[in-house]
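Student: okay, here's the prediction I keep looking at, along with the sequence it came from:
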There are 2 protein chains.
Amino acid sequence: MFDVLLSHIEDKVDLTEKDKSELQQFFTCKKLRKKQYLLQEGDVCKNLSFVSKGLLKSYMLDEKGSEHISMFAFEGWWISDFNSFINQEKAVLNIDAIEETELLTITREEYENLMVKIPIMDRYFRILYQNSLVTKDYRLMVFNSFTAEEKYTQFAEKNPDIIQRVPHNLIASYLGLTPETVSRIRKKISFK
Amino acid sequence: MFDVLLSHIEDKVDLTEKDKSELQQFFTCKKLRKKQYLLQEGDVCKNLSFVSKGLLKSYMLDEKGSEHISMFAFEGWWISDFNSFINQEKAVLNIDAIEETELLTITREEYENLMVKIPIMDRYFRILYQNSLVTKDYRLMVFNSFTAEEKYTQFAEKNPDIIQRVPHNLIASYLGLTPETVSRIRKKISFK
């Protein structure tokens, strides 16, 4: 499972053999069953987690107990309550496994040590966060100015894999729509 | 104006005297009058801009010509259409000056060269983007699950300076609310 992480890092930066052998010691393997929590709101998010296998979702619960999904994470993605991880404050997000999942986790302290010991990891995370900001800017724009139908169709075009793999009620939650609205839009699209 | 940038960088990482003298050559000074465009949608965002003085907003225009504001940028902030800058694609955002503004700008090519020449800048941008992701996560959460009143009151608590300095109709646009809704909430709060 460590190979998935190495290959993800080497897509973005060059690692020496020394870097590679040192990297592994910063990470811990963790397995989750389907529906198992990685994080519950109110706890501090102690780890940043790389998904080497499986699928998770992060979400907030509202007063009525409805899930508002903020992210899906597949193989090759990182997941956390990022504010909670960076500032070691209480998490507002819950994270649980949609499928059986394998993770490589790093603590807040080891995350800083990693960058000191292997400075090229600053570049890796700089590029990772740079890409993530592009994605989040796009998502904010969608929430700010798109209609329900535009939200769904643009998401479906950009994420055919998620549309295949994730139940539609979870996609509705991610888009801030009701399952009924998504159902209506899907019918309308298939009719076209 | 270069001192504002140096001090912002040195808040996050240590620079040598050599770093400092080399840094300046990567940046160009630019002044904007009030209401002047830094970027118009459809153009490619050629520069990442650091605000050394003034105030700008970035926004999308909808079909009716209404502005949907995605960001305000003060002294010490960076601004761009980040997707357009990183991927050199057409911008979807407009950026213009709310006040008279002074900027330090860096091109896409020089941004990469900067990181090669002064590797500690990878760390600076890693930390900058890390903080920016925390802020954007919070904003997505707000759009996803807060009521109009919660959006306004939380924003006002976190950004007393923006509430003072930015016209209320622009704050309404940033929060995805109508000016009338913001006005109603403000009255209700002051009544409390």
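Tutor: Cool, got the structure. Numbers count the residues shown, from 1 in each chain, chains lettered A, B, ... in the order given.
Student: give me the low-pLDDT residue ranges for chain A?
Tutor: Scanning chain A for pLDDT under 70 picks out A:144, A:192.
Student: strands of that one, start to end?
Tutor: Along chain A, the stretches classed as strands by DSSP state E are A:28-32, A:37-39, A:47-53, A:56-61, A:67-73, A:78-79, A:94-97, A:101-107.
Student: so which of these is nearest chain B?
Tutor: The closest of these to chain B is strand A:67-73. By C-beta to the nearest C-beta, the value is 4.6 Å. For every residue, glycine as well, the C-beta is placed using N, CA and C.
Student: between the closest one and strand A:56-61, how many degrees?
Tutor: Going by axes from the mean of the first three to the mean of the last three C-alpha atoms, to 10 degrees, strand A:67-73 is angled at 160 degrees with respect to strand A:56-61.
Student: tell me, how many residues neighbour A:Glu109?
Tutor: 10 (other C-beta atoms under 10 Å in any protein chain shown).
Student: how much space between it and B:Arg123?
Tutor: According to C-beta to C-beta, to the nearest Å, A:Glu109 and B:Arg123 sit 17 Å apart.
Student: list phi and psi for A:Asp62.
Tutor: Reported as degrees, to the nearest 10, the phi and psi values for A:Asp62 are phi -90, psi -180.
Student: contacting residues for it?
Tutor: A:His68, B:Ser145 (C-beta atoms under 8 Å, 6 or more residues apart in numbering or on different chains).
Student: distance to chain B and mean neighbour count added to the strands of chain A, as a markdown table?
Tutor: Formatted as a markdown table, those follow (distance: least, C-beta to the nearest C-beta, whole Å; neighbours: other C-beta atoms under 10 Å in any protein chain shown):
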| stretch | distance to chain B | mean neighbour count |
| --- | --- | --- |
| strand A:28-32 | 21 | 14 |
| strand A:37-39 | 14 | 20 |
| strand A:47-53 | 11 | 21 |
| strand A:56-61 | 6 | 21 |
| strand A:67-73 | 5 | 20 |
| strand A:78-79 | 11 | 22 |
| strand A:94-97 | 12 | 22 |
| strand A:101-107 | 14 | 21 |
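Student: show me what residue of chain A gets nearest to chain B.
Tutor: Residue of chain A nearest chain B, by C-beta to the nearest C-beta: A:Tyr129 (3.6 Å).
Student: with adjacent residues omitted, what lies nearest to that residue?
Tutor: Leaving aside its chain neighbours, A:Tyr129 sits nearest to B:Tyr129 (3.6 Å; criterion: C-beta to C-beta, 6 or more residues apart in numbering or on different chains).
Student: might one say that the one you found is in contact with A:Asp122?
Tutor: No. With contact defined as C-beta atoms under 8 Å, B:Tyr129 and A:Asp122 do not form a contacting pair (10.9 Å).
Student: before we move on, back to that, ok, the residue nearest to A:Tyr129 - contacts?
Tutor: Contacts here follow C-beta under 8 Å, 6+ apart; on that basis B:Tyr129 touches A:Arg126, A:Tyr129, A:Gln130, A:Ser132, A:Leu133.
Student: ok, 7 Å please
Tutor: Residues counted as contacts of B:Tyr129 (C-beta atoms under 7 Å, 6 or more residues apart in numbering or on different chains) are A:Arg126, A:Tyr129, A:Gln130, A:Leu133.
Student: and chain A, what are its domains?
Tutor: A:2-129, A:146-192 (automatic domain parsing).
Student: pick the most deeply packed of the ones you listed.
Tutor: domain A:2-129 (a mean of 17; mean count of other C-beta atoms under 10 Å in any protein chain shown).
Student: and the end-to-end length of that domain?
Tutor: 21 Å (C-alpha to C-alpha, to the nearest Å).
Student: for stretch A:149-169, same thing?
Tutor: 15 Å.
Student: stretch A:112-123 now?
Tutor: Stretch A:112-123 end-to-end distance (C-alpha to C-alpha) = 13 Å.
Student: how far away from the center of its chain is it?
Tutor: Distance, stretch centre to chain centre, for stretch A:112-123: 22 Å (C-alpha atoms, centre = their mean, to the nearest Å).
Student: what's in contact with it?
Tutor: Contacts of stretch A:112-123 (C-beta under 7 Å, 6+ apart): A:Val13, A:Leu15, A:Asp19, A:Glu22, A:Leu23, A:Phe26, A:Ile106, B:Met115, B:Pro119, B:Asp122, B:Arg123, B:Arg126.
Student: in helices only, show me these.
Tutor: Judged by DSSP state H, helices contain the following of these: A:Asp19, A:Glu22, A:Leu23, B:Met115, B:Asp122, B:Arg123, B:Arg126.
Student: I'd like those as TSV, with distance to A:Phe2 appended.
Tutor: Output for these, formatted as TSV (distance: C-beta to C-beta, whole Å):
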residue	distance to A:Phe2
A:Asp19	13
A:Glu22	12
A:Leu23	8
B:Met115	27
B:Asp122	24
B:Arg123	25
B:Arg126	22
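Student: of the residues you listed, closest to B:Leu48?
Tutor: Nearest to B:Leu48 among those, counting by C-beta to C-beta, is B:Met115 at 12.1 Å.
Student: tell me the spacing between the closest one and A:Gln130.
Tutor: 11 Å.
Student: same thing with A:Gln164?
Tutor: Distance of A:Gln164 to A:Gln130, computed by C-beta to C-beta: 28 Å.
Student: check A:Val51 too.
Tutor: 20 Å.
Student: rewinding a little: among the strands of chain A, which is nearest B:Ile95?
Tutor: Minimum separation from B:Ile95 across these (C-beta to C-beta) falls at strand A:67-73, 26.7 Å.
Student: hmm, who's touching that closest one?
Tutor: A:51, A:55-62, A:79, A:93, A:162, A:166, A:170, A:173-174, B:140-141, B:144-145.
Student: contacts only, for A:Gly65.
Tutor: Applying C-beta under 7 Å, 6+ apart, no residues contact A:Gly65.
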